[in-house]
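[1] Structure for the following, please:
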Amino acid sequence: GRLPLTCTSTMNSNRPRLQMKPLAVMLALDLPPREYLLTPWLRQGDSAMLYAPTGAGKSIFTLALALAIAGGGRFLGWEASKPRKVLYIDGEMPEADIIDRARMLLPTIEGCNEEQAASNLVFLARQAQHMDAEFPDLATPAGQDDVLKRATSGEFELLILDNFSTLAECEDENAAGAFNGIVRFLMRAKQGSLACILIHHSNKNGSDYRGSSKLATTFEVLIGLAKTSKVLPKGALGFDLSWQKYRHRREDSTRNRTVWLAEDEAGRSGWGFETSEREELAELVEAVKSLRYATQGELALALGISQGELSKRKGRATTALKLITPDEWADCIAAAKKLREGEPEEEGNAKPDF
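    Numbers count the residues shown, from 1 in each chain. Okay, the predicted model is just below:
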């Protein structure tokens, strides 16, 4: 006869049964759409990783995210439609610093219900525990079970893990097997519709996260923070934010940008952001390669900048970031002129393909 659609695993008969469903059954299901915890990039059950070098501001940035979601506020153009419960597990921050930062950040989250945020955001902080208390190690099954039980019993919708190095003990983060435990943990969280944000460190040159590429497999979103070359307000904490992996639909609020936190003249803190230099220069190079602009004056006018600013950006794009070579730039301008004049392109001078 046919195999039953519900089977019991022979590995452990005490575990829940695995469910197999024909497509016809699945198509007939009336499943509610997954809601956004933070529109447009974090939905129920999503996993995201945020990585940055030490001192770049990743913990302050993450706490602001947590407050926005817990209080139903808006942050950097992203919006939490309603307050939700957030469990924040911190492996190294002193409790007094968490309190000071939360007090400073709460007024910076537009539309945030501060009372709801204070109630919904719950911390499990290592530095707030008795020195003999056993803190969960996310590299072990027992530690993972402990955290998942706390999250599910408390009906939390978002779990923040800050940070990997202090919450999961492993001998060598660069070893492929070092992240097996955390990957299994994140997959279990997905099965429970629990969204997770994992905070991690970047590698030595800051170009990627530290450790094996295996860690990226389960994430819908990877966000990198790095030191910025832009001039920021005096005393500001700032960084370049880039989307290294993004599975949702792109829009303006998910472009690479420079972000900063600064005080105004009255001593009130606030967030600011603008398109990052790399994003600006990438757009510049794309415009040059489109062959729509036969002169740099036309290009500057189309981008809404002065010719002096265009020259600066050209220098950064060709020399510092090497997004295009000077010869490639000149070839594009020359090809655009030929197209404008209607001249047939000579053999060997076809549209550049970079």
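
[2] what's the neighbour count on Phe273?
    Look at Phe273: counted by other C-beta atoms under 10 Å, it has 15 neighbours. For every residue, glycine as well, the C-beta is placed using N, CA and C.

[3] C-terminal to the helix or strand containing it, what's the next element?
    Counting by DSSP states H and E, the element that carries Phe273 is strand 269-275. Sequence-wise, the next helix or strand downstream of strand 269-275 (DSSP H and E) is helix 277-289.

[4] what's the angle from that next one to strand 269-275?
    Counting by axes from the mean of the first three to the mean of the last three C-alpha atoms, to 10 degrees, helix 277-289 points 20 degrees away from the direction of strand 269-275.

[5] picking that back up, can you tell me what sits against the strand holding Phe273?
    Strand 269-275 is contacted from outside by 64, 75-77, 104-105, 107-108, 230, 233, 236, 241, 255-264, using C-beta atoms under 8 Å, 6 or more residues apart in numbering.

[6] What of stretch 165-172?
    The contact list for stretch 165-172 (C-beta under 8 Å, 6+ apart) reads 89, 91-92, 126, 136-139, 143, 161, 173, 178-179, 181-182, 200-201.

[7] on that earlier part again, mind listing which of the contacts of strand 269-275 are in strands?
    Among the contacts of strand 269-275, DSSP state E puts 75, 241, 257-263 in strands.

[8] Just the buried ones from the residues you listed?
    Buried by 16 or more other C-beta atoms under 10 Å: 75, 241, 257-262, out of the ones in strands among the contacts of strand 269-275.

[9] Kindly reformat these as a markdown table and extend each row with distance to Leu310 and pLDDT.
    Formatted as a markdown table, these follow (distance: C-beta to C-beta, whole Å; pLDDT from 0 to 100):
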| residue | distance to Leu310 | pLDDT |
| --- | --- | --- |
| Phe75 | 33 | 97 |
| Leu241 | 25 | 93 |
| Arg257 | 21 | 91 |
| Thr258 | 19 | 93 |
| Val259 | 25 | 95 |
| Trp260 | 25 | 95 |
| Leu261 | 30 | 96 |
| Ala262 | 28 | 94 |
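
[10] Next, please give the residue ranges for the helices of this structure.
    23-27, 58-71, 95-105, 114-120, 141-153, 164-167, 180-191, 277-289, 296-303, 307-315, 326-341 (DSSP state H).

[11] Comparing those, which comes out most buried?
    For these, the largest average neighbour count (mean count of other C-beta atoms under 10 Å) is found in helix 58-71, namely a mean of 24.

[12] Helix 95-105 and that one, what's the angle between them?
    60 degrees.

[13] Alpha carbons only: can I get helix 58-71 in PDB?
    Provided in PDB are the C-alpha atoms of helix 58-71 (Å, rounded to 0.1, in the frame of the first residue of the first chain):
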ATOM      1  CA  LYS A  58      26.700  47.900  16.000                       C
ATOM      2  CA  SER A  59      25.300  47.500  19.600                       C
ATOM      3  CA  ILE A  60      23.800  51.100  19.700                       C
ATOM      4  CA  PHE A  61      22.400  50.500  16.200                       C
ATOM      5  CA  THR A  62      20.900  47.200  17.200                       C
ATOM      6  CA  LEU A  63      19.400  48.600  20.400                       C
ATOM      7  CA  ALA A  64      17.700  51.300  18.400                       C
ATOM      8  CA  LEU A  65      16.200  48.600  16.100                       C
ATOM      9  CA  ALA A  66      15.000  46.700  19.200                       C
ATOM     10  CA  LEU A  67      13.300  49.800  20.600                       C
ATOM     11  CA  ALA A  68      11.600  50.700  17.300                       C
ATOM     12  CA  ILE A  69      10.100  47.200  17.100                       C
ATOM     13  CA  ALA A  70       9.200  46.900  20.800                       C
ATOM     14  CA  GLY A  71       7.600  50.400  20.700                       C
END
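
[14] show me the contacts for Cys112.
    67-68, 71-74, 106.

[15] and with 6 Å instead?
    Cys112 makes contacts with 71, 73, as judged by C-beta atoms under 6 Å, 6 or more residues apart in numbering.

[16] got it, and the one 4 residues further on?
    By C-beta under 6 Å, 6+ apart, the residues touching Gln116 are 71, 83.

[17] any idea how far it is from Gly73?
    Gln116 sits at a distance of 9 Å from Gly73 (criterion: C-beta to C-beta, to the nearest Å).

[18] helices and strands of the chain: which one bottoms out on pLDDT?
    Least confident helix or strand of the chain, by mean pLDDT, DSSP states H and E, is strand 6-7 with a mean of 42.
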